[in-house]
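[1] 3D model of this:
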Amino acid sequence: MFGLPFARFSIDTNLSHAETRNRLVAAVETRRFTFWSKSERPFLGRVEMNEFRIRRNINYRNSFLPIIRGCIQAQERGSRVQGTMRPHALVLAFLVFWCAGVVVIGGAVSFAMLAESGRRADALLPVGMLLFAWLLTSIGFTFEARKAERVLRELVSTPALSSLAKPHN
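    Presented below is the predicted three-dimensional model:
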């Protein structure tokens, strides 16, 4: 993946459309506005009809935490959860602004340095800054996107609690 962080996923399940939606609704808490309360639900956001917009419920800061937008589709046998993951729009706007600044200002300074004295290693600093921004974004986003997809897969692929055999005493 080169460029802006973005991921698509598709999860097929044997669960009915209604059961898949019910599990997703049960796993999502509406946004909370307090910093000291912790929900046990794995996601924050909203589920409306067949569509959802959620993010993982974490106890730490990660600006590259994916916003997950998706839908639940009925299939002949079961259902499908499809979605896309991307960072928050403000994070993307900041990245574009910052990288544009590095290209314009860093490029002008590097060009002037090269024109003045020929080859200089420090003229490559803007390239290093862009590479660092890309690595930081990609690693932070990919780490969280994989976790979110794994939790979603577990959510819709495990058998319902009522269908599990209860142990005999």
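[2] which residues touch residue 148?
    Taking CB atoms under 8 Å, 6 or more residues apart in numbering, we find residue 148 in contact with 55-56, 66, 68, 85. (Each C-beta comes from the backbone N, C-alpha and C, glycine too.)
[3] where does this structure have its least confident helix or strand?
    helix 107-117 (a mean of 78; mean pLDDT, DSSP states H and E).
[4] Just give me how far the very next helix or strand once past it sits from the chain centre.
    Where DSSP states H and E defines the elements, the next helix or strand beyond helix 107-117 is helix 125-157. Mean-position distance between helix 125-157 and its chain equals 7 Å (CA atoms, centre = their mean, to the nearest Å).
[5] domains for the chain, by residue range?
    Domain ranges of the chain: 7-88+143-159, 91-130, per automatic domain parsing.
[6] tell me the phi and psi of residue 6?
    Here is the backbone geometry of residue 6 (degrees, to the nearest 10): phi -160, psi 140.
[7] ok, it touching residue 83?
    No - between residue 6 and residue 83 there is no contact under CB atoms under 8 Å: 11.5 Å.
[8] The spatially most central residue of the chain: what's it in contact with?
    Centroid-nearest residue in the chain: residue 66, 1.9 Å away (criterion: CA atoms, centre = their mean). Contact analysis of residue 66 by CB under 8 Å, 6+ apart lists 5, 7, 55-56, 85-87, 141, 144-145, 148.
[9] repeat that with 10 Å
    5-7, 54-56, 83-88, 140-149 (CB atoms under 10 Å, 6 or more residues apart in numbering).
[10] ok, now residue 8?
    Residue 8 sits next to 70, 82-86 when contact means CB under 10 Å, 6+ apart.
[11] Helix or strand: which one has it?
    Once you assign secondary structure using DSSP H and E, residue 8 falls within strand 7-13.
[12] and the following helix or strand past that strand with helix 125-157, angle?
    Later in the chain than strand 7-13, the nearest helix or strand by DSSP H and E is helix 17-27. Helix 17-27 and helix 125-157 meet at an angle of 120 degrees, taking axes from the mean of the first three to the mean of the last three CA atoms, to 10 degrees as the criterion.
[13] What mean pLDDT does helix 17-27 get?
    Mean pLDDT, helix 17-27: 94.
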